[in-house]
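> kindly generate the corresponding structure for this input.
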Amino acid sequence: MEKEGVLYKTLQNGRAICNLCARRCNIPEGSIGFCGVRRNIGGKIYSTVYGKIAALNIDPIEKKPLFHFKPGASMLSIGTVGCNFNCLYCQNWDISHVHEHFGEEIMPTKLVELGLRYGVDGITYTYNEPTIFMEYAIDVAKEARKHKLFNTFVTNGYMTPEAAELASNYIDAMTVDFKGNANTEFARKYITIFSDDPIFEALKVLKERKVFIEITDLVVPKIGDSLDDAKKLIEWIRDNLGDEIPIHFLRFHPDYKMMDIPATPVETLERHYRLAKELGMKYVYLGNVPGHEYENTYCPECGTLLIKRFIFDVLEYKITHDLRCPKCGTRINIAVRPEITSKYYIS
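Prediction:
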């Protein structure tokens, strides 16, 4: 199904500028933007993947990864095809980098009904970049909120300030994934973007609009694991978003067109972890390292183990009802479902 898009501008020559993603594609009549799913028809931008679901699953929210937003929640995860990045190591390349549009047509009401049938707590727009199917995400989110389901994005953050503001009206939390691109040369060569600046601008808007934010950074060995680059990213996050923003350093696995790059050494990830802690970040995690102690949440003041995890499973939860460390009373930056008390022990 095609649906007229949001945030576009028609030009006098019949072209149209898409103002969702930071590329701001200037699209001729009959042509399609970089993402492959936004077409100019008669001087108007249309989404060509509205309701066309290419990937659907039920996941724990920790898989997003959101560790501090509604821990233990069950999420209906959905995605379409297409992307505004061209990552050479994309792990979802089979939907992100395809030219054919495929998927099952599921309209917003039916999708929410499906989620309710399986008892999910919220809906996550993920797998490919949700910014490029904003129209569908908004309509689903509106329907989801009628049934007290929350909504989250897993995004590369490469959206315009206008798109960030629009999304903030409907999306409760976002994981913004830097994908190893906190370096201009790396971003141009391996992702095909020219600058991270739009991501930082979008993050400022999201913070101002009180969207719950967590950051991930994919640490790509040999070509994207510079501690100097990590330092710049961490300092920006600390100074602009605050020291309580959770940051996850993710282990790279070879995929797509970069099968020659090995998985990230755990020692490299641990160096990033220590650097973030030294720079004052209170909640730092390692991802894709099952069983590592840095999957857990610790009190930033006294070091007490607060949430114990194994991959995406919450094994122990020991934060008080008023969101404090049970040992020293430090307030923890976490958003909890009211019903969590029936699932986990809270001291």
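
> which intervals of the stretch 101-250 of the chain have sub-threshold pLDDT?
Applying pLDDT under 70 to the stretch 101-250 of the chain picks out residues 181-182.

> name the next helix or strand downstream of the helix or strand hosting Thr268, please.
Taking DSSP states H and E as the criterion, Thr268 maps to helix 266-278. Downstream of helix 266-278, the first helix or strand assigned by DSSP H and E is strand 284-287.

> now do whatever helix or strand comes next after that following strand: which elements does it pack against?
Using DSSP H and E, the next helix or strand after strand 284-287 towards the C-terminus is strand 297-298. With contacts defined as 3 or more Cβ pairs under 8 Å, 6 or more residues apart in numbering; DSSP states H and E, strand 297-298 has these neighbours: strand 305-310. C-beta coordinates here come from the backbone N, C-alpha and C atoms, glycine included.

> now the strand it packs on: mean pLDDT?
What strand 305-310 shows for mean pLDDT is 96.

> contacts for that strand, please.
62, 67, 71, 290-291, 295-299, 314-319, 325, 332 (Cβ atoms under 8 Å, 6 or more residues apart in numbering).

> what's the span of stretch 84-101, first residue to last?
15 Å (Cα to Cα, to the nearest Å).

> mind listing what's buried along it?
Judged by neighbour count (16 or more other Cβ atoms under 10 Å), stretch 84-101 contains these buried residues: Asn84, Phe85, Asn86, Cys87, Leu88, Tyr89, Cys90, Asn92, Trp93, Ile95, Ser96, His97.

> now those residues in CSV, please, with extra columns for pLDDT and secondary structure.
Converted to CSV, these look like this (pLDDT from 0 to 100; DSSP: H, G, I helix; E, B strand; the rest coil):
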residue, pLDDT, secondary structure
Asn84, 97, coil
Phe85, 96, coil
Asn86, 94, coil
Cys87, 94, coil
Leu88, 94, coil
Tyr89, 93, coil
Cys90, 93, coil
Asn92, 94, coil
Trp93, 94, helix
Ile95, 96, helix
Ser96, 94, helix
His97, 91, coil
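
> if we can go back for a sec, which of the contacts of strand 305-310 count as buried?
Buried subset of those (neighbour count, 16+ other Cβ under 10 Å): 62, 67, 71, 295-299, 314, 317-319, 325, 332.

> residues contacting the helix holding Thr268, please?
For helix 266-278, contacts defined as Cβ under 8 Å, 6+ apart pick out 217, 219, 221, 225, 227, 230-231, 234, 247, 249, 251, 284-286, 289, 292, 294.

> what do you get if the cut-off is 10 Å, keeping everything else the same?
217, 219-222, 225, 227-228, 230-231, 233-235, 237-238, 243, 247-252, 264-265, 281-289, 292, 294, 300 (Cβ atoms under 10 Å, 6 or more residues apart in numbering).

> what's the average pLDDT for that helix?
In the prediction, helix 266-278 has an average pLDDT of 98.

> now the residue nearest the centre of the chain. Nearest residue, chain neighbours left out?
Centroid check for the chain by Cα atoms, centre = their mean gives Val154 as the closest residue, at 2.2 Å. Once flanking residues are discounted, Val154 sits nearest to Thr126: 3.8 Å by Cβ to Cβ, 6 or more residues apart in numbering.

> counting neighbours, what do you get for that neighbour?
Number of residues near Thr126 (other Cβ atoms under 10 Å) recorded here: 22.

> go on, Pro262?
The tally of other residues near Pro262 (other Cβ under 10 Å) stands at 11.

> got the contact list for the residue lying closest to it once chain neighbours are set aside?
Sequence neighbours aside, Pro221 is the residue nearest to Pro262 in space, at 6.1 Å (criterion: Cβ to Cβ, 6+ apart). Applying Cβ under 10 Å, 6+ apart, one finds that Pro221 lies in contact with Gly180, Arg251, Phe252, Pro254, Ile261, Pro262, Ala263, Thr264, Pro265, Thr268, Leu269.

> cutoff 7 Å now
Phe252, Ile261, Pro262, Thr264, Pro265, Thr268 (Cβ atoms under 7 Å, 6 or more residues apart in numbering).

> just Cys87 next, same as before
Lys179, Tyr190, Ile191.

> state the phi and psi torsions of Phe102.
Backbone torsions of Phe102, given as degrees, to the nearest 10, read phi -140, psi 170.

> I'd say it and Ala54 touch.
Yes - contact criterion Cβ atoms under 7 Å: Phe102 and Ala54 qualify, at 6.0 Å.

> these two: which is more packed in?
The neighbour count for Phe102 versus Ala54, taken as other Cβ under 10 Å, is higher for Ala54 (21 against 12).

> thought the more buried one was touching Val81?
Yes - assessed by Cβ under 7 Å, Ala54 is found in contact with Val81 at 5.0 Å.

> overlap in contacts, these two.
By Cβ under 7 Å, 6+ apart, Ala54 and Val81 have these common neighbours: Ile95, Phe102, Gly103.

> if I look at the second one, how far off is Asn128?
Read it as Phe102. Distance, Phe102 to Asn128, by Cβ to Cβ, to the nearest Å: 12 Å.

> tell me, what's touching these two both at once?
Common neighbours of Phe102 and Asn128, using Cβ under 7 Å, 6+ apart, are Val81.

> the closest residue to Arg24 other than its chain neighbours in helix, strand or coil?
Nearest residue to Arg24, sequence neighbours excluded (Cβ to Cβ, 6+ apart): Ile17, at 5.7 Å. With DSSP: H, G, I helix; E, B strand; the rest coil as the basis, Ile17 sits in strand.
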